[in-house]
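Student: dropping the sequence and predicted coords here.
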Amino acid sequence: MDERKLLSIVVPTKDRYTYLKYLIKLVAQLNSNEIELVIQDNSDDNRAFVDYLDKLGYGFIKYYHESGQLPMSINSDKAVLNSTGEYICFLGDDDGITMKIIEGVHWMKENNVDAVKPVVPSYYWPDAKDGRDVKHSAVIFYKKYDGRVRFLSAYNELLKVLKSGIPDRGNMPLAYHAIVKREVMDRIYDKCGSFFPGNSPDIANAVALSLVVNKYAVVNSPWTISGKCIYGGGGVSVPGKKYPPEISDMPWFLQDAEINWDKAIPRIAVGETIWAESAISALKKMDRGDLLEMISFRKFYSNFAFKRPGLTFLLDGINVDKRMVKNDVFWLNVNKYMCALRRRICWAMNIDKPLQICNVQNILEAAEELKKL
């Protein structure tokens with residue numbers, strides 16, 4: 001029987017070996033016998049990659065492959081189920097880690113911390129310039145790090161997200177680009193039959209974890225690196241795909257997604273609706289339907305109309321006051337321009353301006369640059 005590892009880095013992947021090979025090299029550079037890299041591959045043809053792994057001969061890699069289209073949540077579940085680590089870190093294949101990650105997990109174990117959300121610098125791969133809505137490439141964006149630790153209530157962070165209309169993941173704990181104790185993840189699986197009880201694995205996992213995590217910290221130190229490549233969202237957003245995508249257009253959704261899509265959410269598959277529907281799904285599967293009352297649907301609909309003005313007709317079949325939404329959108333636009341003006345003034349005065357490192361060609365170089373900070 002294999003010795004249990006301290007940390008499992010789990011990576012669900014599909015047809016993106018170019019980026020994944022760099023992540024493998026990055027983990028190898030840690031030269032640690034406390035880490036395993038679990039690759040859960042749903043690619044159509046893995047023969048060349050298997051030959052590549054055989055030539056490497058790395059003992060820290062656990063590789064699993066299953067062909068045929070799998071929902072993202074199920075492929076993610078398989079990755080975690082095939083791991084053995086006391087702690088879990090969930091990454092995409094275009095992401096990376098820093099040299100601080102092992103030290104950080106040791107700190108968690110010594111202090112009995114259930115989950116840690118570190119700050120995550122962004123790295124734009126050279127091909128990102130060709131992607132939709134991406135203006136930078138071969139660049140790292142980061143802020144100054146002081147290593148400060150803040151302990152938060154995971155449950156309170158969940159309530160903040162719900163009361164804000166679920167615009168994002170907020171400061172909730174999660175496995176994605178963070179570290180979670182495996183036994184805490186198991187509590188979710190025991191309840192839901194999944195570590196990721198929704199169509200969007202990251203936010204579904206965050207909502208569920210917020211209901212079971214006890215000791216939770218956010219750390220102003222980079223343990224992982226968020227990779228941004230031409231394929232957004234794990235390959236979900238691909239240039240040339242139909243927009244806006246319908247629920248049935250998303251092969252990575254759960255099979256019953258269209259049937260179980262919550263009636264309060266517009267029936268279209270864009271970021272705002274996927275996040276909200278996945279959060280609602282997680283609450284229901286965790287038997288916390290009572291918390292649905294905490295969701296500000298007014299803020300959700302207003303944010304949806306603000307972000308997707310061409311899709312507001314989808315609110316017609318939903319019980320929502322359109323005059324209220326129109327008024328909110330006006331003030332959201334005012335706030336948008338005020339924030340942009342404030343940001344320009346602050347950046348001109350060099351206040352809170354994101355720092356950047358240019359001409360970084362891959363995630364290995366990104367990790368090396370971050371090591372110098």
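Tutor: Alright, I've got the coordinates.
Student: over to residue 51: give its phi and psi.
Tutor: For residue 51, the backbone dihedrals are phi -60, psi -40 (criterion: degrees, to the nearest 10).
Student: which residues does it contact?
Tutor: Listed by Cβ atoms under 8 Å, 6 or more residues apart in numbering, residue 51 has no contact partners. Using the backbone N, CA and C atoms, a C-beta is placed for each residue, glycine as well.
Student: state the pLDDT value of it.
Tutor: Residue 51 carries a pLDDT value of 97.
Student: quickly find the element holding the closest residue in space to residue 219 that isn't next to it in sequence.
Tutor: Spatial nearest neighbour of residue 219, excluding adjacent residues (Cβ to Cβ, 6 or more residues apart in numbering): residue 118 at 4.7 Å. If you go by DSSP states H and E, residue 118 is part of strand 115-119.
Student: give me the longest helix you can find in this structure.
Tutor: Secondary structure of the chain per DSSP state H: the longest helix is helix 322-348.
Student: still on that earlier bit, how many residues are close by the residue nearest to residue 219?
Tutor: For residue 118, the neighbour count with other Cβ atoms under 10 Å is 22.
Student: wait, it touches residue 222, no?
Tutor: Yes. Counting by Cβ atoms under 8 Å, residue 222 is a contact partner of residue 118 at 6.2 Å.
Student: now for these two: what residues contact both?
Tutor: With Cβ under 8 Å, 6+ apart, residue 118 and residue 222 have common neighbours residue 100.
Student: I'd say residue 362 and residue 21 touch.
Tutor: No. With contacts counted by Cβ under 8 Å, residue 362 stays clear of residue 21, the gap being 9.7 Å.
Student: who has more neighbours out of those two?
Tutor: The neighbour comparison of residue 362 against residue 21 (other Cβ under 10 Å) goes to residue 362, with 20 against 16.
Student: where's the nearest residue to the more buried one once chain neighbours are set aside relative to residue 147, distance?
Tutor: What sits nearest to residue 362 in space, not counting adjacent residues and going by Cβ to Cβ, 6+ apart, is residue 22, at 5.2 Å. Between residue 22 and residue 147 the distance, using Cβ to Cβ, to the nearest Å, works out to 26 Å.
Student: who's more crowded, the two?
Tutor: Just comparing residue 22 and residue 147: by other Cβ under 10 Å the higher neighbour count belongs to residue 22, 20 against 10.
Student: identify the residues contacting the more buried one.
Tutor: With Cβ under 8 Å, 6+ apart, residue 22 has these contacts: 96, 362, 363, 364.
Student: what about the strands in the chain?
Tutor: Using DSSP state E, the strands found in the chain span residues 7-13, 35-41, 61-65, 87-90, 96-97, 115-119, 122-124, 139-142, 149-152, 179-181, 216-222, 224-228, 355-358.
Student: and for the first one, what's in contact with it?
Tutor: Pointing back at strand 7-13 there. By Cβ under 8 Å, 6+ apart, the residues outside strand 7-13 that reach it are 20, 23, 27, 34-43, 72, 75-76, 78-80, 82-93, 97, 101-102, 105, 175, 179, 182, 234.
Student: that one to strand 224-228, inter-axis angle?
Tutor: Put simply, strand 7-13 runs at 10 degrees to strand 224-228, going by axes from the mean of the first three to the mean of the last three Cα atoms, to 10 degrees.
Student: chain center to strand 7-13, what's the gap?
Tutor: In terms of Cα atoms, centre = their mean, to the nearest Å, the centre of strand 7-13 is set 13 Å apart from its chain centre.
Student: so what are the sheet partners of that strand and their directions?
Tutor: Paired neighbours of strand 7-13 in the sheet (DSSP bridges): strand 35-41 (parallel), strand 87-90 (parallel).
Student: will you turn those into TSV that also has distance to residue 64, mean pLDDT and mean neighbour count?
Tutor: Rendered in TSV, the data for the strands paired with strand 7-13 read as follows (distance: least, Cβ to Cβ, whole Å; pLDDT from 0 to 100; neighbours: other Cβ atoms under 10 Å):
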stretch	distance to residue 64	mean pLDDT	mean neighbour count
strand 35-41	5	97	24
strand 87-90	15	98	28
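Student: same list (those strands) but as TSV, adding distance to residue 313.
Tutor: Output for these, formatted as TSV (distance: least, Cβ to Cβ, whole Å):
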stretch	distance to residue 313
strand 35-41	39
strand 87-90	36
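Student: how many other residues sit next to the nearest residue to residue 106 once chain neighbours are set aside?
Tutor: Once flanking residues are discounted, residue 106 sits nearest to residue 6: 7.7 Å by Cβ to Cβ, 6+ apart. Burial of residue 6 is recorded as 17 neighbouring residues (other Cβ under 10 Å).
Student: close enough to count as contact, residue 277 and residue 265?
Tutor: Yes. Residue 277 is in contact with residue 265 according to Cβ under 8 Å; the separation is 4.7 Å.
Student: more neighbours: which of the two?
Tutor: The neighbour count for residue 277 versus residue 265, taken as other Cβ under 10 Å, is higher for residue 277 (27 against 23).
Student: these two touch, right, residue 346 and residue 353?
Tutor: Yes. When contacts are counted by Cβ under 8 Å, residue 346 is listed as touching residue 353 (7.0 Å).
Student: closest to residue 357 out of the strands paired with strand 7-13?
Tutor: Between residue 357 and those, the tightest spacing by Cβ to Cβ is seen for strand 87-90, at 23.3 Å.
Student: and the contacts of that closest one?
Tutor: Outside strand 87-90, the residues within contact range by Cβ under 8 Å, 6+ apart are 6-11, 76, 79-80, 97, 101, 105, 108-109, 174-182, 185, 201-202, 205, 223-224.
Student: for PyMOL, write a command that selects the buried ones of those.
Tutor: Applying 16 or more other Cβ atoms under 10 Å to those, the buried members can be selected in PyMOL as follows:
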select buried, resi 6+7+8+9+10+11+76+79+80+97+101+105+108+174+175+176+177+178+179+180+181+182+185+201+202+205+223+224
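Student: nearest spatial neighbour of residue 10, skipping sequence neighbours?
Tutor: In space, residue 10 is closest to residue 79, 4.0 Å off (Cβ to Cβ, 6+ apart).
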